[in-house]
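Participant: what's the 3D shape of this:
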Amino acid sequence: MEGCIFCEVAEKHIPCKFIYENEKTMAFLDINPGAPGHTLVISKKHYDTVFDMPDEEIGEIYKTVSKMVKAINKVMKPDGVNVFQNNKAAAGQIINHVHVHIFPRFHGDGIDFKWRRVVLDSEDLDNIAARISKGVE
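Facilitator: Residues are numbered from 1 along each chain as shown. Below you'll find the model as predicted:
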């Protein structure tokens, strides 16, 4: 897609610190990392969010994520790893091209991904579960 930085990366028009690629995905180091080894995995085909992607394409991204998490764990030896993917601005998506962050974590790194907890009773949980279940295709 014209004007998409990750499409430019996928087409190798922008230099990156590539780690891995296959026919459908690629992985490279984040140029503004939150930690050493912070890696991005993208689909080579443009999709704004996972809502736009066929299931097979989502599966391909997560196959690559699995390979990268294992490699990062082996080489970087982090104390833990966050794997996250944002969809739409309200969720923190900045670049409108599906991408997954692999974020090595180290004790004392000062990074905090905590959120405010919402208190729901059993009836609320039952209601939400039933509504979401009806939306599963």
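Participant: Leu120 is in contact with Ile128, correct?
Facilitator: Yes. Counting by CB atoms under 8 Å, Leu120 is a contact partner of Ile128 at 7.4 Å. Heads up, the C-betas are built off the backbone N, CA and C, glycines and all.
Participant: Mind telling me what element Ile42 is part of?
Facilitator: strand 39-43 (DSSP states H and E).
Participant: Next: Tyr62.
Facilitator: Per DSSP H and E: Tyr62 is located in helix 55-76.
Participant: on that earlier part again, kindly calculate the angle that the strand holding Ile42 makes with helix 55-76.
Facilitator: Counting by axes from the mean of the first three to the mean of the last three CA atoms, to 10 degrees, strand 39-43 lies at 160 degrees to helix 55-76.
Participant: Relative to strand 39-43, what are the paired strands and their orientations?
Facilitator: strand 25-29 (antiparallel), strand 99-105 (antiparallel) (DSSP bridges).
Participant: Who does the residue nearest to the spatial centre of the chain form a beta bridge with?
Facilitator: Within the chain, one residue has its C-alpha closest to the average C-alpha position: by CA atoms, centre = their mean, that is Val100, at 1.6 Å. Here Val100 sits in beta bridges with Val41, going by DSSP bridges.
Participant: quick one: pLDDT of the nearest residue to Phe28 once chain neighbours are set aside?
Facilitator: Using CB to CB, 6 or more residues apart in numbering and skipping residues adjacent in sequence, the residue nearest Phe28 is Cys16, 4.2 Å away. Each residue has a pLDDT score; the one for Cys16 is 93.
Participant: mind checking the SS state of Cys16?
Facilitator: What DSSP: H, G, I helix; E, B strand; the rest coil gives for Cys16 is coil.
Participant: need the contact list for it.
Facilitator: Cys16 makes contacts with 9, 28-29, 31, as judged by CB atoms under 8 Å, 6 or more residues apart in numbering.
Participant: gap between it and Ala89?
Facilitator: Between Cys16 and Ala89 the distance is 24 Å, computed by CB to CB, to the nearest Å.
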